[in-house]
Every structure is written in structure tokens, then in C-alpha cells.
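# Let me see the structure of the following:
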Amino acid sequence: SNEIANTLVAPALTVDKTAAQADVQPGARVDYTITVRNVGNGRAEAVQVADTLPAGFSFQRGTAQLNGKPLADLAAGVWNLPPLIGGAEHVITFQARADEAAAGKLYTNTAGVRANDSRGQPIPADNSARVPADTDADDTAKALVYGPLTWQEESTYVAFEDLKSAGWCDWDYNDFIVKMDVSKGVTPDGNLAALRVRYEPLAHGGAYNHRFIHQLPVYGGGVYSVNVFNAEGKLRSQAAGAFGDEPAITIFNDTKVALPLPVNPPFDLIKFPFSNTMQEQKGTVAGDTAQMTLVLEQAAANPSDALTPLPWDPYLYVYNTKQEVHLVQPGRLDNTQVVNNAYDAGNPMLGFDLPLANVFRDGWQWPQEFLGIWRVYPAYVTFATTDGAKAPAWWDGAQETVNLDYAWHAGGGLNAAGVQWTDSVSSRY
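Sure, this is the predicted structure:
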């Protein structure tokens, strides 16, 4: 008998719409991007993209481009585009002028796509039954821009230990460290309308690989975009879409790519596959940065004074163990671990329950590899064991004793070999 394999051939379209700006001043321009993808494996023909600007905005003639080349101006609100084979995409960019832009007012721009298959039949807007990658149910997307907002700036650091449920950690809080610079756009009546967050990985002292995700305490839906740039500032990846309540947005899908290993370091990368944590490393490895922009559709549902303090819920999904590591917070109470003798025997925190993820502020320097945080900051012991009631400035050398010789690249010349381990293990993993 002869086996016959039938391959389903079906096109399916998705569309994303983003604005480069979260808010705009009257008379200024907004840079819009529309991305149309054929996520199926059949050809899409007679592709049309319709775009509807909000009232008070005007299309700027001569600014449209298709895939980086000049595109004719909109004709009756529609662009006619070339066919799209399976897996291909079209990217339209253009500018619009905000002829009016009232402070804190939301302006919505909507785009939609339609096309025919190779038989001349309309491609269903929701073709997910035949093409699971068609996650766009109606082939429309919107970009949200507010009139002028007031922006508030904050920064913080989040540091992780990724050996959850392993029975031990070295508590150097450098398995993955990311700096977050947060800008909050607030309306005149005090509601949160937009967020801009820049993420910079600083250290990767874990052999495991992770996905880095940020869950945000915002409500009422909206749109987001995440752009990841390499160390040279070139765009590495883009993601965009709509979100609902309390969205969890992937920032770095692969933390080992986001902060690569040093080149030809004076230590064994097989045994120590770490970046910016080994004291023997010369220089600093620069990694990716990510920029997330999030615009809320219902600012009134997000009073800024009700927003919980930074950094909300940034967390790791550890590929090797299939576990998540969160900050300790309501509903996340399984993210602590008891300090034991497995690495730094006789340390001052034996028997205490420490969080696997911690928030640090400007001015702290992370420990070099294998050194518990108490080696660099002895006052952290008091801070942690009193639930923060004492030694709140444990990291500040002007107020507390610190041993920055044990911090990474502190310049003191000491390293883990200068600490006598009495019952250390041979490998962390």
C-alpha cells in the first residue's frame, strides 16, 4: 500500500499596531508602525490594510514606508499591498500629527487587514482552527497615545538565586541581576496612563538559563511593545500586542543570550559559565537592553496612588528545573529557602529563611561569585533577621560596615579563594 500525506495549505493573517510615543504634545508627530504577518503556509493575495486615525490627528503625506521603502499615501484610508507568502510579513511605518492633544486624553488609532487566498476566497479573520498560530481573532489592532502626561522616574535592582527547592544556595544574589528604570505617565487627575521600563541585565552568575518575565499590577487592558537591543544598540527582537488585567510580559526569553559569557576569561567557562561575577574576569560584559512601553486603555481604573511599590512582580522561569522564582509577596510565599551549611558553613545566617529574589537600591554592589551577601554587607544580617526594622541602610558604607573587597570588581583584589570554606560543595549545579 502507498501512504499519502496531506499537507494543509492555508494562509492566516495577524496584525500589530504600535506607536513609538506613549504621549504627545499638541502639534507634535506620532510615529506609527503596522506589522502584518502571514502566519500560515498558503499565499495571501489582494492584501489591504485600512488605518483609521483618531479625531484631531492628521496623516502626514510622504512619510509612509513599506518594508523600508517609500509607500504611496493612504487612498480612502486603505493601502493596497503586495502578496504575502507563508511566513512573510509587511511592515508599514508612517507619521501622524496631533493637531490637538488634550492633557491626559486617550487617542486611539486602529488598523485592520484583509486578503484573499490563492483561490480568490477571503481569508477568515479567525483562521485559528486551521492555523493555530493565528492568535489574532479579528485581524485588527490598535495603538494608544495620550495627550501630555506627567512622568515620574524611579530605578531599582532585582537579584535572583535560581536554585529553588535545591536544598541550598550560596546566597550571593547574582544568578541573574537586572536593573529597571521605570517612568510612570500620570494623567492630570492622578491616574496611571502609561509605563516605560528599561531593563538592563548586569550579572549572570548561574549556570541555568531562564526566561525573564514582568507581571504588572495594572487593570482594564491596553497595548504593549517590547524592543530588545544588543550591546551595540541594534534591534534584536520586537514583540507587541494587547493585554488584559495584570499582564505577565516576557522581557528576555533567554537570559544567557541577554547577557553572554565573557570571551577567553582566565577561568574555565565549562565549570564557571558566569558573566560579571567571577573576580578573575577582566572588564565587564555588556549585554542586551530591553525597552517596554505599556499604554493603558482605562487610566481611571489605575489610580497612581494605589499602585503597589516597585518592582511589582519580575520573575524567572528556570528552564532547567521548570520552576518560577518570584519575589516574596502575597500569593508568592514559596520563594524562600533556609540557609544551611552546604556552601558557607558556620555563616551568620544559618537556619534563617531568606528570599530567593531580592530588591536592591542604587549604591549596592553585588557579591562576587560564591560569596554570601553577608560577606560584603555584614549589616544585612541584622536587616534580614529583624524584617527590616534595623539597619535599613545595610548597603551604605557611610552608615554601616561594608567589605567591598568581596564585591564584584570592587578593586580590593580579594576573591572567593580568600575565604576559608569549612564544608563547601564542589559544584553549585
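# can you give me the helices for the chain?
Counting by DSSP state H, the chain forms helices over residues 255-258, 373-376, 379-385, given from the N-terminal end onward.
# Output the ones you listed in a markdown table, with mean neighbour count appended to each entry.
C-beta coordinates here come from the backbone N, C-alpha and C atoms, glycine included. Formatted as a markdown table, these follow (neighbours: other C-beta atoms under 10 Å):
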| stretch | mean neighbour count |
| --- | --- |
| helix 255-258 | 22 |
| helix 373-376 | 25 |
| helix 379-385 | 19 |
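# show me where pLDDT drops low in this protein?
The chain contains residues with pLDDT under 70 at 1-7, 410-429.
# Spatially central residue in it, please.
Centrality entry for the chain: nearest residue to the mean C-alpha point is I251, 2.2 Å, by C-alpha atoms, centre = their mean.
# OK, contacts around it?
Contact partners of I251, counting by C-beta atoms under 8 Å, 6 or more residues apart in numbering, are Y199, F212, I213, H214, V226, V228, A290, M292, P314.
# List the contacts of the second one.
So the one you mean is F212. Applying C-beta under 8 Å, 6+ apart, we find F212 in contact with F176, V178, Y199, P201, T250, I251, F252, T255, A258, P314, Y315, L316.
# Any idea how many residues pack against the nearest residue to it once chain neighbours are set aside?
For F212, ignoring the flanking residues on the chain, the nearest one in space by C-beta to C-beta, 6 or more residues apart in numbering is F252 at 4.2 Å. Other residues within reach of F252 by the criterion other C-beta atoms under 10 Å amount to 26.
# Can I get the contacts of F212 in TSV including distance to H326?
As requested, the contacts of F212 are arranged in TSV below (distance: C-beta to C-beta, whole Å):
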residue	distance to H326
F176	13
V178	14
Y199	17
P201	18
T250	15
I251	15
F252	16
T255	16
A258	19
P314	8
Y315	4
L316	8
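# quick one: which of the residues you listed is nearest A166?
Ranked by distance to A166 (C-beta to C-beta), the contacts of F212 are led by L316 at 14.0 Å.
# In contact with L259, which residues?
By C-beta under 8 Å, 6+ apart, the contact list for L259 reads P201, L202, A203, H204, S275, N276, V285, G287, D288.
# Now distance to E324 too, for the helices of the chain, in CSV please.
Shown next, in CSV, are the helices of the chain (distance: least, C-beta to C-beta, whole Å):
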stretch, distance to E324
helix 255-258, 14
helix 373-376, 22
helix 379-385, 22
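# Which of these sits closest to L144?
The closest approach between L144 and any of these, judged by C-beta to C-beta, belongs to helix 255-258 at 27.6 Å.
# contacts for that closest one?
176, 201, 204, 209-212, 228, 252, 287-288, 290, 316.
# Buried ones from the residues you listed, can you make that a ChimeraX selection?
What follows is the ChimeraX syntax selecting those of those that are buried according to 16 or more other C-beta atoms under 10 Å:
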select :176,201,204,209,210,211,212,228,252,287,288,290,316
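# Take the contacts of helix 255-258 and keep only those in strands.
Secondary-structure check on the contacts of helix 255-258 using DSSP state E: residues within strands are F176, P201, H210, R211, F212, V228, F252, A290, L316.
# And these, which is closest to S118?
V228 (35.2 Å).
# Next up, the contacts around that closest one.
Neighbouring residues of V228 by C-beta under 8 Å, 6+ apart: L235, R236, S237, Q238, I251, F252, A258, D288, T289, A290.
# With respect to A398, which of these is nearest?
Using C-beta to C-beta, T289 is the member of those that lies nearest A398, at 30.3 Å.
# Correct me if wrong: that closest one contacts R198.
Yes - counting by C-beta atoms under 8 Å, T289 does reach R198; the two are 6.4 Å apart.
# out of those two, which sits in the more crowded spot?
Taking other C-beta under 10 Å, T289 and R198 do not tie; T289 has more neighbours (20 against 14).
# tell me the contacts of the more buried one?
Taking C-beta under 8 Å, 6+ apart as the test, what T289 contacts is R198, Y199, E200, V228, F229.
# Any idea how many residues pack against the second one?
Y199 has 23 neighbouring residues, counting by other C-beta under 10 Å.
# With the one 3 residues further on instead?
The burial count assigned to L202 is 21, neighbours taken as other C-beta under 10 Å.
# what does the one 5 residues further on give?
Residues contacting A207 under the criterion other C-beta under 10 Å number 18.
# just use 702 as the starting number from now, easier for me
Yes, from this point I'll number from 702; that puts the last item at A908.
# Could you measure from it over to V1077?
Here the criterion is C-beta to C-beta, to the nearest Å. By it, A908 lies 22 Å from V1077.
# Then G1089?
Here the distance between G1089 and V1077 works out to 18 Å (C-beta to C-beta).
# Also A1094?
Using C-beta to C-beta, one gets 14 Å for the distance from A1094 to V1077.
# what does A830 give?
When A830 is compared with V1077 (using C-beta to C-beta), they lie 57 Å apart.
# Please name the spatially closest residue to K865 (chain neighbours excluded).
Counting by C-beta to C-beta, 6+ apart, the nearest residue to K865 once its immediate chain neighbours are dropped is Q1024, at 4.9 Å.
# Can you tell me who that neighbour pairs with across the strands?
For Q1024, the beta-bridge partners under DSSP bridges are V1019.
# can I assume it is in contact with S866?
Yes - Q1024 sits in contact with S866 when judged by C-beta under 8 Å, with a separation of 6.8 Å.
# higher neighbour count, those two?
For Q1024 and S866, the more surrounded residue by other C-beta under 10 Å is Q1024, and the numbers stand at 19 against 9.
# show me what contacts that one?
Applying C-beta under 8 Å, 6+ apart to Q1024 gives the contacts K865, S866, Y1018.
# Likewise for D1006?
Contacts were defined as C-beta under 8 Å, 6+ apart; by that measure D1006 touches G891.
# separation between it and L893?
9 Å.
# now E933
Where L893 is concerned, E933 sits at a distance of 33 Å (C-beta to C-beta).
# Which one's more surrounded, those two?
When E933 and L893 are compared on other C-beta under 10 Å, the one with more neighbours turns out to be L893, at 25 against 7.
# Before I go, just wanted to say thanks for your time.
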